[in-house]
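In: need a 3D model of the following:
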Amino acid sequence: QLELVESGGGSVQPGGSLTLSCAASGSTLDGYNIGWFRQAPGKEREGVLCISSGGGSTVYADSVKGRFAISRDRAKNTVYLQMNSLKPEDTAVYYCAATYGTRLCPVPNIGEYDYWGQGTQVTVSS
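Out: Residues are numbered from 1 along each chain as shown. Coordinates of the predicted model:
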């Protein structure tokens, strides 16, 4: 059974950077597409970025283009979300999620993903 654990969240000032990690256990991430989602208070969970099992990335949220990047380290069985130029509107709980079976990222619907981490809080505030 695949388990995902996010880490790296915290508080940062606007313009700052954070790197979130999504560490997997119970199974290798090979063959899985990994997505990062976020949920702000009172809002629905939204897709941020995805990295496919083949290594290609898909931006789900236009608001993060040019600021966020996703990568995976197969040796560490971990996926990362590098977040730069953070804005207050990036404040949310960030989740990683996994789905197996295709080499392309799915549409950013939560129902497309089978495994979820518990989330990590990111707060951007001065």
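In: which residues are in contact with stretch 38-46?
Out: 37, 48, 60-61, 89-95, 108, 110, 119, 122 (C-beta atoms under 8 Å, 6 or more residues apart in numbering). In this view, the C-beta of every residue, glycine as well, is placed from N, C-alpha and C.
In: what average pLDDT does it get?
Out: Predicted confidence along stretch 38-46 averages 96 (mean pLDDT).
In: is Ile51 in a bridge, and if so with what?
Out: Ile51 has the following beta-bridge partners by DSSP bridges: Ile34, Ser57.
In: contacts only, for it.
Out: Taking C-beta under 8 Å, 6+ apart, we find Ile51 in contact with 33-34, 57-58, 70-72, 79, 105.
In: equivalent analysis for Gly47, please.
Out: Gly47 makes contact with 35-37, 60-61, 108-109, according to C-beta under 8 Å, 6+ apart.
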